[in-house]
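Asker: the sequence isn't on hand, but the structure is:
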């Protein structure tokens, strides 16, 4: 059966859609994580903390749809990537899931008892649920950029030769801290829009200003690591974009500075890192000056630019191997079948607009500032 879209086109479309889902998660759920990471610092008493929690209380569950969609899409569109990454990063993934489990429990149980100790414990649980996944996601991206220590045998069985503590190197820690700074900026920008005018909003502006500066500095440091730190991979020889998915046919080699070759070949790609820096700068100016809309727009654009920079620099690599580059997983050798990608695309075209429309409607209905005064009059608040 001849399909309307050829195999290489579908592979590129799904690579782009994976980027869209990751960006959607960072933009939509990122401010939830950022607010949770800021919770113990911007709010000093129980009323303030409840008010901060309620700035995201009506939307955090829906925003996690992007995380679920991303995991499902990796499983269905890039099964080799799913298998290698989830087995190699098993302990890291477990830590992320454990931290994420603390979020719904913290939201639901925090106010079940009036005990200050009880509520403080759950406040710090919410902090861990926001900070830990953000840090680990960034560290994971750093490890992908420097290469994962795995190899495939002739039967396509993957063996991971790294350790949990081996995930943490100077470069990956820079990436992890960049992820934290980026989403804390996003969370602070959200609080300037949603928290009542007063001390909590002022504290959020102070922390957001520091986080935005850190985002700019850490993005520059990370970019320097990529340019001068010997990172990068390159495909050599002839590549058949329409060939069968066989990870053993990757003619990949280490190439210092290889992640910048796409930018040299396609200058338009420089728009991504420029957007990363410009968005963080706009967020910095907006938060510092108290301009709420530019601040949130800037933090959103910064996330788009930073994530796009990673994806565009690595294309067509998805999961390079540091110990056996020939085992690297790419857009061309690790996807599902032609028919599978086409059916998934039809489903996505139908349902993704519904998700976007519902999300927009939900934000419109639940818009407005969270206030401490409402805590005594609205029984539905956390």
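Answerer: Okay, I see it. Values in this document were obtained by computation on a predicted structure and should not be read as measured data.
Asker: residue contacts, residue 227?
Answerer: Residues near residue 227 by CB atoms under 8 Å, 6 or more residues apart in numbering: 257, 260. Every residue, glycine included, has its C-beta placed from N, CA and C.
Asker: quick one: buried residues of the helix or strand it falls within?
Answerer: Per DSSP states H and E: residue 227 is located in helix 199-228. The neighbour-count check on helix 199-228 (16 or more other CB atoms under 10 Å) flags 200-201, 203-205, 207-209, 211-216, 218-219, 222-223, 225-226 as buried.
Asker: now do the SS call for residue 151.
Answerer: Classification of residue 151 by DSSP: H, G, I helix; E, B strand; the rest coil places it in strand.
Asker: what is the neighbour count of it?
Answerer: Neighbours of residue 151 under the rule other CB atoms under 10 Å: 18.
Asker: same check, this time on residue 372
Answerer: Neighbourhood size, residue 372 [other CB under 10 Å]: 20.
Asker: per-residue pLDDT, the nearest residue to residue 80 once chain neighbours are set aside?
Answerer: With CB to CB, 6 or more residues apart in numbering as the criterion, residue 80 has its nearest non-adjacent residue at 4.2 Å, and that residue is residue 334. Per-residue pLDDT puts residue 334 at 87.
Asker: give me the contacts around the worst-scoring helix or strand of the chain on mean pLDDT.
Answerer: Within the chain, no helix or strand scores below helix 60-63, which has a mean of 80 by mean pLDDT, DSSP states H and E. Contacts to helix 60-63, defined as CB under 8 Å, 6+ apart, come from residues 28-29, 32, 103-104, 107, 358-359, 362.
Asker: and it, which residues are buried?
Answerer: In terms of neighbour count (16+ other CB under 10 Å), helix 60-63 has its buried residues at 60, 62-63.
Asker: as CSV, those with distance to residue 281 would be great.
Answerer: Output for these, formatted as CSV (distance: CB to CB, whole Å):
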residue, distance to residue 281
60, 28
62, 30
63, 25
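Asker: between those, which is closest to residue 13?
Answerer: residue 63 (24.5 Å; CB to CB).
Asker: and the helices in this protein?
Answerer: For the chain, the helices defined by DSSP state H cover 7-24, 30-42, 46-56, 60-63, 65-77, 79-88, 90-109, 116-146, 170-194, 199-228, 261-265, 271-289, 292-314, 338-365.
Asker: which of the ones you listed sits closest to residue 156?
Answerer: Evaluated over these, closeness to residue 156 peaks at helix 79-88, with 7.7 Å, by CB to CB.
Asker: of all the helices of the chain, which one is nearest residue 321?
Answerer: Nearest to residue 321 among the helices of the chain is helix 79-88 (8.8 Å), distances taken as CB to CB.
Asker: how near is residue 143 to residue 90?
Answerer: 13 Å (CB to CB, to the nearest Å).
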